[in-house]
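dropping the sequence and predicted coords here.
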Amino acid sequence: MTDPRHGGIAIIDFGSQYTQLIARRIREQNVYAEVFPHDAPPDAINYHHPCGYILSGGPNSIYEADAPQVPSHILYNDRPILGICYGMQALTHALGGRVAASQAREYGAALIKQRDRSDLLSNLPDVMRVWMSHGDRIEQPPEGFVSLAQSDNSPYAAVGDTTRHIYGVQFHPEVAHTNEGTAILRNFLFVICGCQPRWSTAAFIDDAIRSIQARVGDERVLLALSGGVDSAVTGALIHRAIGEQLTAIFVNTGLLRKNEPEQVVRVFRDEQGMNLIAVDATEDFLDALRDQYEPETKRKIIGGLFIDVFAQQARQLGDIRFLAQGTIYPDVIESAASSKTAKTIKSHHNVGGLPDDLRFELIEPLRDLFKDEVRRVGSGLGLPDRIVWRQPFPGPGLAIRCLGDIRWERLETLREADAIFLDELARENLLRDDTAQAFAVLLPVRSVGVMGDNRTYEEVVALRAVTTDDFMTADWARLSYDLLARVSNRIVNEVPGVNRVVYDISSKPPATIEWE
Ligand code: XMP
């Protein structure tokens, strides 16, 4: 059986904010797509034998001195090419056509009208609504190209050389506002490139299992299991491939949510039959966090201690060759991008930074997958919904939601309040797409209240619920007043020591999602 990544599309990135979206749209058609920087080596770009290339948009003007150019190995290797926006202008420039600044910039919705018939726009309406975002336009297409569609602003809204199978569109077929965008991409994939729809969850699982088996042989693999989706799916996949040769270490930091440690053990050890070492390091973490209030210091302490506990367990297991990590595709793209952006807002941690005596080879079977694909693989491997649909949870756990003293009793208060909030959201089915993340925060102040004619002076809980696609920006969720009232009422009644509940209505930016 062939690798399901073979015969897909290589996307050459010129820096558009929509490049990842192009990859997603193609994968939704069961065709593998991978993004490469425009100056990536040809061997890397062609590693999975793509059927064709898509050149993304980008912020440059092609006639600027240092504007990125279409690599010549792509232009002349006979595979079909589709240039989108800047990609189309770069193609035009490379093949001898002319691009210039346009009198009228086009941003937003526009209508295009088909001209010469082509495979790219076949079986589509004559007039289509598309999404434009460009200042430059094509003045003269290269030799051999004809106009396939025009807009009010340009006679060359889409162009093509149907002999060489090179096409360009000035608009963005990957965004939802381009009504026929998916149909246009499908024409490119299936009619022009002749791709086969091979990329599916089942195909991915089969292939990943075979390659894990081939790589690991009879060696052993170690995994830090947090209970989060990515490490859970990584574990389940590797376990399916090599069974007993996988050992997972789960560290209970005492900073997890209500019932989480028990749930991890039940699902992975009891239900999945995984070789799981569960370490209760609660006391160590609480000791280390005593009298610590500064968020970055807390993060550093937790990250460092986590590595110490993990390393100690790993040493006891003897010689293990591989370490599995739940790296996923957005992490790969983000870490490539973040090497250029300097500012640290918050230091995140994973199992990087292990001491020198523990040298592992990394196994990252989910490196090519988007989050929704990871969830599908998890379900395909039989993981329960409550793991597969778990919301993101920060590495430092409740320590960055328990402001002020981190004591066991305060963590318990926070856990109870948090569980009530999540329970009420789950009852209204709001925990999947509607609220990307929701949690309670215990504030470092006490406030006065009155209960049963008596004065109280107790803890304050803040509720945080956000909507977001990428966690880089976020808005506060417009939860109904009735729901908020129920949650508030239950918390003050059911959680001892809390007499006030507030709802956080800050967006990100300027706030962040977590409070610390
Ligand atoms: P912020 O608070 O930066 O959070 O807006 C964005 C997303 O990142 C999560 N987060 C973390 N995840 N380790 C993690 O693995 C961390 O140290 C960490 N800090 C924040 C946060 O929960 C949200 O989903």
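Great, that's in hand.

can you find the helix or strand in the protein with the smallest mean pLDDT?
Averaged element by element with mean pLDDT, DSSP states H and E, the chain has its least confident helix or strand at helix 329-338 (a mean of 70).

which positions within the helix or strand following that helix qualify as buried?
Later in the chain than helix 329-338, the nearest helix or strand by DSSP states H and E is strand 361-363. Neighbour-count burial for strand 361-363, counted by 16 or more other C-beta atoms under 10 Å, picks out residue 363. From N, CA and C alone the C-beta is placed, and that goes for glycine too.

and the contacts of strand 361-363?
Residues outside strand 361-363 that contact it (C-beta atoms under 8 Å, 6 or more residues apart in numbering) are 212, 215-216, 221, 238, 321-325.

what pairs with it, and is each one parallel or antiparallel?
Here strand 361-363 is paired, per DSSP bridges, with strand 322-324 (parallel).

what's in contact with the partner strand?
For strand 322-324, the external contacting residues (C-beta under 8 Å, 6+ apart) are 215-216, 219-224, 234-235, 238, 246, 351, 354, 360-365.

buried ones among those?
For these, a burial check counting by 16+ other C-beta under 10 Å picks out 216, 220-224, 234-235, 238, 246, 351, 360, 363-365.

ok so, going back, from the contacts of strand 361-363, which land in strands?
Of the contacts of strand 361-363, the ones assigned to strands by DSSP state E are 221, 322-324.

can you pick the most crowded of those?
residue 324 (27 neighbours; other C-beta atoms under 10 Å).

tally of neighbours for the residue in the stretch 151-300 of the chain positioned nearest to the ligand?
For the stretch 151-300 of the chain, the residue closest to the ligand is residue 299, as judged by C-beta to the nearest ligand atom, at 5.8 Å. Residues contacting residue 299 under the criterion other C-beta under 10 Å number 20.

quick one, phi/psi of it?
phi -60, psi -40 (degrees, to the nearest 10).

hmm, it is touching residue 305, no?
No - if you go by C-beta atoms under 8 Å, residue 299 and residue 305 don't touch, sitting 11.0 Å apart.

in this structure residue 397 contacts residue 256, no?
Yes - in this structure, residue 397 is within contact of residue 256 by C-beta under 8 Å, at 5.7 Å.

from the ones in strands among the contacts of strand 361-363, which are also near the ligand?
Applying C-beta under 6 Å from any ligand atom, the subset of the ones in strands among the contacts of strand 361-363 adjacent to the ligand is empty.

so for stretch 418-431, what gets flagged as buried?
Using 16+ other C-beta under 10 Å as the burial criterion, the residues of stretch 418-431 that qualify are 418-422, 424-425, 430-431.

ok, how many other residues are close to the nearest residue to residue 277 once chain neighbours are set aside?
Counting by C-beta to C-beta, 6 or more residues apart in numbering, residue 277 lies nearest to residue 249, which is 5.0 Å off, once chain neighbours are set aside. By the measure other C-beta under 10 Å, the count of residues near residue 249 is 21.

check the gap between residue 249 and residue 287 for me.
Distance of residue 249 to residue 287, given as C-beta to C-beta, to the nearest Å: 20 Å.

ok, the residue nearest to residue 277 - contacts?
222-225, 276-277, 279, 310, 313-314.

one more time with 10 Å, if that's ok
222-225, 275-279, 309-314, 317, 351 (C-beta atoms under 10 Å, 6 or more residues apart in numbering).

swap in residue 314?
With contacts defined as C-beta under 10 Å, 6+ apart, residue 314 is in contact with 222, 224, 247, 249, 277, 307, 320, 323, 351, 354-355, 357-358, 360.

what about 6 Å?
Shown in contact with residue 314 (C-beta atoms under 6 Å, 6 or more residues apart in numbering): 222, 358.

when you give positions from now on, start the count at 506
Got it, first residue is 506 now, which makes that one residue 819.

which SS class is it?
Recorded secondary structure, residue 819: helix (DSSP: H, G, I helix; E, B strand; the rest coil).

before we move on, what about residue 931?
Residue 931 - assigned by three-state DSSP - is helix.

how near is it to residue 891?
9 Å.

sheet partners, orientation included, of whichever strand in the chain runs longest?
Ranked by number of residues, the top strand in the chain under DSSP E is strand 603-619. Sheet pairing here is set by DSSP bridges, and for strand 603-619 it gives strand 632-645 (antiparallel), strand 651-656 (antiparallel).

got the buried residues for the longest one?
Within strand 632-645, the residues that count as buried by 16+ other C-beta under 10 Å are 633, 635-639, 641-643.

biggest separation within the residues you listed, which pair?
633 and 641 (21.6 Å; C-beta to C-beta).

any idea how far stretch 626-641 is from the chain center?
29 Å (C-alpha atoms, centre = their mean, to the nearest Å).

repeat that for stretch 927-937.
The chain centroid and the centroid of stretch 927-937 are separated by 22 Å, computed with C-alpha atoms, centre = their mean.

take it, keep the C-alpha atoms, and write them as PDB.
C-alpha atoms of stretch 927-937 as PDB (Å, rounded to 0.1, in the frame of the first residue of the first chain):
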ATOM      1  CA  LEU A 927     -17.700  22.700  32.900                       C
ATOM      2  CA  ASP A 928     -20.600  20.500  33.900                       C
ATOM      3  CA  GLU A 929     -23.200  23.300  33.200                       C
ATOM      4  CA  LEU A 930     -21.500  24.100  29.800                       C
ATOM      5  CA  ALA A 931     -21.500  20.400  28.900                       C
ATOM      6  CA  ARG A 932     -25.300  20.100  29.700                       C
ATOM      7  CA  GLU A 933     -25.900  22.800  27.100                       C
ATOM      8  CA  ASN A 934     -23.500  21.100  24.700                       C
ATOM      9  CA  LEU A 935     -21.300  24.200  24.600                       C
ATOM     10  CA  LEU A 936     -18.000  22.500  25.200                       C
ATOM     11  CA  ARG A 937     -16.900  21.700  21.700                       C
END
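
average pLDDT for that stretch, rounded please.
Across stretch 927-937, pLDDT averages out at 92.

stretch 881-892 now?
94.

can you name the residue of the stretch 506-655 of the chain nearest the ligand?
residue 525 (17.3 Å).

buried stuff in the helix or strand hosting that residue?
When secondary structure is defined by DSSP H and E, residue 525 falls within helix 524-533. Applying a neighbour-count criterion of 16+ other C-beta under 10 Å, one finds 524-528, 530-533 buried in helix 524-533.

same question for stretch 955-970.
Across stretch 955-970, burial judged by 16+ other C-beta under 10 Å covers 961, 963-970.

which of those residues sits closest to residue 555?
Of all the buried residues of stretch 955-970, residue 555 sits closest to residue 970, with 41.2 Å by C-beta to C-beta.
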